[in-house]
Each structure stands twice: as structure tokens, then as C-alpha cells.
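[1] Sequence first, then the predicted structure:
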Amino acid sequence: MNKHQESTGRAGEQQITLRGPAELADALPYLMGFYPNDSVVMVALHGGRGRFGGRLRLGIPQAPGEWGPVADQLAECLVSGSERREGRPDAIVVFLCQDSPDGSGGRLTMERLRPFAQRLRTACGALDVPVLEALCISDGRYWSYCCPDLRCCPDQGNPLVMPGTTVMAAAAAYAGVHVRGTLRDMEARLQPWRTPAAVTAQEEALDRAAPALIPRLLDERARSEVATETLRTARTLMARIEEAQPAPPALSDAGDDQLIGPDEAAAVILGLQDRETRDKAAAWMEGAEAQAALRLWRTLARRCVGPYGEHAAAPLTLAGWVSWSTGDEPGARVALALALRADPDYTFAQLLHRACNEGLDPEALRRCLRETVVDGASPDARAVEAVMDTADDRDATSPRVRRVRPRTDGGRGQGRAHRRPGGERVKASSGSPRPWTSAAGRRSREARRYGRRDGRTRR
């Protein structure tokens, strides 16, 4: 076993020393705020005592052919981002977290991911930053890719320590830090419905609303009317949600789903595809209003079913922004990552994701949004960019490193929309296209991608 210690605090703050891979593995969910299943996590270490610094998480690419490029980009992103914030890291810790399909093949998972671990170590070494430890966590056990001693790191791995029994768990409990479940659990609250009857009802409502709303969104004079209607409806839904009794997350989500009808959801989802409307909704970011808005954005994200999957980028980005604004950084990162999965080119999500990952204070953006609302102007993604440029004028490189969109359906691509050579949008499943797929479908995409103000394309 590698003999090394890591400190979790800065100078002058409480210091927590972690001794060895077992305590490192136990600390991971406290560092992230959740259990990062199906993920590669990289954490920067600073100073002689190995203080934890910046961290990155990414879904493990399914195709081994992607591991090399992804490893290079992750290493570059973590090192360059650390240099901007805290200085060049002295070392890096790597975690590969993935359970076997049947829960009994952790060692096979570890061996399958070994080339990825080696590629990550090589990529970091090429930047002159060594990987101090690389762990695989699978099926309740952990393995070290760096320790060759079978006496302490046997082939069958070592069991994870009992949750809540380590120094990290005690310190987290004292500090009020909570682990909110697995990444899969957090994503499930934001992903589209899968119940066939509910999916069909919502998709039909979107199909009904699209031919009427999309032409109005593309008309300069009618667009402001749609914005007013969308925001008014959203306010009504928020008030309805706010009146509901508080409940645990699962029950709260189910209750919120029952409070909003398919046609109401369709109208707001399509209305938010206009950037000015979405940007005005971003001002609902504080106090009780923020919590009601967050619940609404989550509910709408779950309603973006079938070929409307890309429409989820707007409510997901708003959910990420409200989460970040109210201090929930883990929730913000999950929502923004899903927004970029829905639409990798969604600039507002890119900028917020970068700002959140780089540890910027959201108050600067909140202040900007407050001022624009008071002045009667419409905040937009450029406000985020301006705040970030002010915070860091040395490097405007986005931290997004993955070009390949991960799928939540195991790679089958069910329910996603595909485009025929002639530009027609159709569902991936068999059957005839919806009545609006060739004309209104194109207009929907145009409204989302080419909403303009002052002649400039806005995202």
C-alpha cells in the first residue's frame, strides 16, 4: 500500500489527515457531495501535505477508443484550471468508480478499466504532475492501480470501510456536510419520464403546442407576447408548487408532477426556447421564489420526452443556475452536466458549468441579474461571460472536455430524435413521424438556435 497522507483543509483551517487508499476511497463522496458512480474523478493535490484542490468528474466513456483523448483532455483541464485558481498542483489522485452489471464482478471491472487508469497516469505525467494514487471502486471494494504489493492490495481488492466510521465522516457530520445519494439518484430527478402513458400524454401536448407557438417565437412582434404568456404561466405554476406541503425529494417530485398539466408544461417548455424569456426567468434565483422555481425547472426537465429531449437544456440550465445561486454546488454540476448532455452547444450552460467548476462566487452574477431586472433590461448569457471575464481575464478556455455525448439508455439511443438528409426530424423508433416533424420541427430547432436580439445570435 502506498504510504502517503492527504490533508483536506487550507492553512489556518481545520486539517483532516487521510491515511492510505481506504480513507481516500471513503472521502470521495464527501468531496463530491454524492456517490459518483460510473464516473472518473480526478482531484488535485497541493503542497507537501497534499491539500485537496480542484476536482473534475466525467462519466466513464463506454468505448475504450475514447479513453486516450478523454484522459489527455481531463489532465489538461484539471492542471490548467488549478493553475488559474490555486497554482499548479503537485500531484493528482484518480478514482474510477463503476459497479459490475450483476454486482459480483468488481475485479473484472477493475481489470477492464486498467488501461484507462494507465492512460490517465500517462497524461498527467506528460504534464509533469504525477498521479499519487489511482483507485478503482467497484461493488463495495477498492483496488489500487499504483501499489504492486499483494499483501496489502490483494487481487480480490479490499472492502470499503463501514460508512460513517472514519475521520472524514466525523468531520463532515460536524461541518454539516451531507452526502445526498448516488449520482444516478440525482440525475433521475432531472431525466425525462419513462412511464409510457405519461410520456405519450406529454409528447402529444408538445406536438399540439409546437405548431402554434414556434411560428410566433420566430416572429419578432409576436415573440414578446409569447414571453409574457410564458412567464405568466410559469409564475402561476410556481405559486401552485409553493402552496404544496414540503415532502422528501421522491414524494416532492411526484407531487409536483401531479400539479402541472401536460399542456401547461408544453407551453412553458416551448416558451423557454426563446433566450430572452429564459434569461428573464433566470432572475428567479433567491429566497422562497428560488425554491419554487427550482422545483418547476426540475418538473419541466422531466417533461422533455421523446424527440423533445434537446428542449431540456433550458430548464436544466435554469435548475443548475438556481442550485448554484442557492449554494448547492453538487446539484448545480449535475443539472448543468445534463443540460450539456441534452445540447453540448448550449452556451449558457457551458458558461455556468465553467463558472461553477472554477469556484467563482455566484453573487457577482446575482448582482448583475438584479441590476438588469431593475433597469428593465433582459439578462442573458453575455452577462455570465462578462462576470467570468472580470473574474479571470487570463484564460477564457471552457473546462468542458468531452465532445462525445453520453447516453442514458446504454447506447441504444431510444427516444432520441434523428435528422434525415433532407433536414426532417423523426423519432428513432419505428412508425410515422408526427404531423409537425418536417416543418414545425425545423422551426422549433430554429427558434432554439437562432433566437436573436440586436442582430446577434444568442445562446
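    Noted; the coordinates are in hand.
[2] Double-check L270 against R208; I have them as touching.
    No - applying CB atoms under 8 Å, one finds L270 not in contact with R208, separated by 10.5 Å. Backbone N, C-alpha and C define where each C-beta goes, glycine included.
[3] Between these two, point out the one with more neighbours.
    L270 (26 against 16; other CB atoms under 10 Å).
[4] Next up, the contacts around the more buried one.
    206, 209-210, 213-214, 217, 311, 444 (CB atoms under 8 Å, 6 or more residues apart in numbering).
[5] Just the buried ones from those?
    Buried by 16 or more other CB atoms under 10 Å: 206, 209-210, 213-214, 217, 311, 444, out of the contacts of L270.
[6] from those, which single one is nearest R275?
    L217 (10.3 Å; CB to CB).
[7] Quick check: the two most widely separated of the contacts of L270?
    L206 and L217 (13.9 Å).
[8] What's the separation between R295 and P249?
    10 Å (CB to CB, to the nearest Å).
[9] Could you do A290 as well?
    From A290 to P249 the distance is 17 Å (CB to CB).
[10] ok, now F52?
    Distance from F52 to P249, by CB to CB: 28 Å.
[11] Which one of those two is surrounded by more residues?
    F52 (19 against 14).
[12] For the more buried one, which three-state class applies?
    strand (DSSP: H, G, I helix; E, B strand; the rest coil).
[13] Which helix or strand lies directly C-terminal to the longest helix along the chain?
    As assigned by DSSP state H, the longest helix anywhere in the chain is helix 220-243. Under the assignment DSSP states H and E, the closest C-terminal helix or strand after helix 220-243 is helix 249-259.
[14] Which is the succeeding secondary structure element to that following helix?
    Criterion used, DSSP H and E; the element after helix 249-259 is helix 262-271.
[15] Just want the angle from that following helix to helix 249-259.
    Calculated by axes from the mean of the first three to the mean of the last three CA atoms, to 10 degrees, helix 262-271 forms an angle of 100 degrees with helix 249-259.
[16] what inclination does helix 262-271 have with respect to helix 220-243?
    Using the same axes, to 10 degrees, the direction of helix 262-271 lies 130 degrees away from that of helix 220-243.
[17] just the CA coordinates of the following helix or strand past helix 262-271, formatted as CSV?
    The helix or strand immediately downstream of helix 262-271 is helix 275-281, counting by DSSP H and E. Listed next in CSV are the C-alpha coordinates belonging to helix 275-281 (Å, rounded to 0.1, in the frame of the first residue of the first chain):
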residue,chain,number,x,y,z
ARG,A,275,-33.4,33.1,-25.0
GLU,A,276,-34.8,36.4,-23.7
THR,A,277,-37.6,34.5,-22.0
ARG,A,278,-35.2,32.0,-20.4
ASP,A,279,-32.9,34.8,-19.3
LYS,A,280,-35.7,36.7,-17.6
ALA,A,281,-36.7,33.5,-15.8
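[18] Which neighbouring elements make contact with helix 275-281?
    Helices and strands touching helix 275-281, by 3 or more CB pairs under 8 Å, 6 or more residues apart in numbering; DSSP states H and E, are helix 220-243, helix 313-325, helix 347-357.
[19] So, low pLDDT: which residues of the stretch 251-400 of the chain?
    Applying pLDDT under 70 to the stretch 251-400 of the chain flags residues 372-400.
[20] 50 instead, please
    Scanning the stretch 251-400 of the chain for pLDDT under 50 picks out 392-400.
[21] what are the ranges of the strands in this protein?
    Here the chain has its strands, by DSSP state E, at 5-7, 17-19, 39-46, 51-59, 91-97, 131-138, 141-144, 158-159, 417-419, 425-427, 452-453, 456-457.
[22] out of those strands, which comes closest to P315?
    Of the strands of the chain, nearest to P315 by CB to CB is strand 417-419, at 17.5 Å.
[23] can you give me the mean pLDDT across that closest one?
    Throughout strand 417-419, pLDDT has a mean value of 35.
[24] mean confidence score for stretch 56-74?
    Averaged over stretch 56-74, pLDDT sits at 93.
[25] Now that stretch: buried residues?
    For stretch 56-74, by 16+ other CB under 10 Å, it's 56-61, 67-74.
[26] wait, G271 sits on A281?
    No - counting by CB under 8 Å, G271 sits too far from A281 to count as a contact (9.2 Å).
[27] which residues are in contact with both of these two?
    Listed as contacting both G271 and A281 by CB under 8 Å, 6+ apart are 231, 234.
[28] tell me the phi and psi of G140?
    phi 80, psi 10 (degrees, to the nearest 10).
[29] Tell me, how many residues neighbour it?
    For G140, using other CB under 10 Å, the count is 11.
[30] now the one 5 residues further on
    Taking other CB under 10 Å as the criterion, the count of residues near Y145 is 21.
[31] ok, now T200?
    Residues near T200, counting by other CB under 10 Å, number 14.
[32] do T195 as well
    10.
[33] measure it to A209 for me?
    21 Å.
[34] A91 now?
    From A91 to A209 the distance is 53 Å (CB to CB).
[35] so what pLDDT did P101 get?
    83.
[36] actually A25, not the one I typed
    84.
[37] Quick check: closest non-adjacent residue to it.
    Once flanking residues are discounted, A25 sits nearest to Y142: 4.5 Å by CB to CB, 6 or more residues apart in numbering.
[38] mind listing what that neighbour touches?
    By CB under 8 Å, 6+ apart, the contact list for Y142 reads 21-22, 25, 135-136, 157-158, 160.
[39] before we move on, back to that, quick one, which of the helices and strands packed on helix 275-281 is nearest to R184?
    Closest among those, using CB to CB: helix 313-325, at 16.4 Å.
[40] For the closest residue to R114 other than its chain neighbours, give its distance to L45.
    In space, and not counting its chain neighbours, R114 is closest to Y145: 6.5 Å by CB to CB, 6+ apart. Y145 sits 17 Å away from L45, going by CB to CB.
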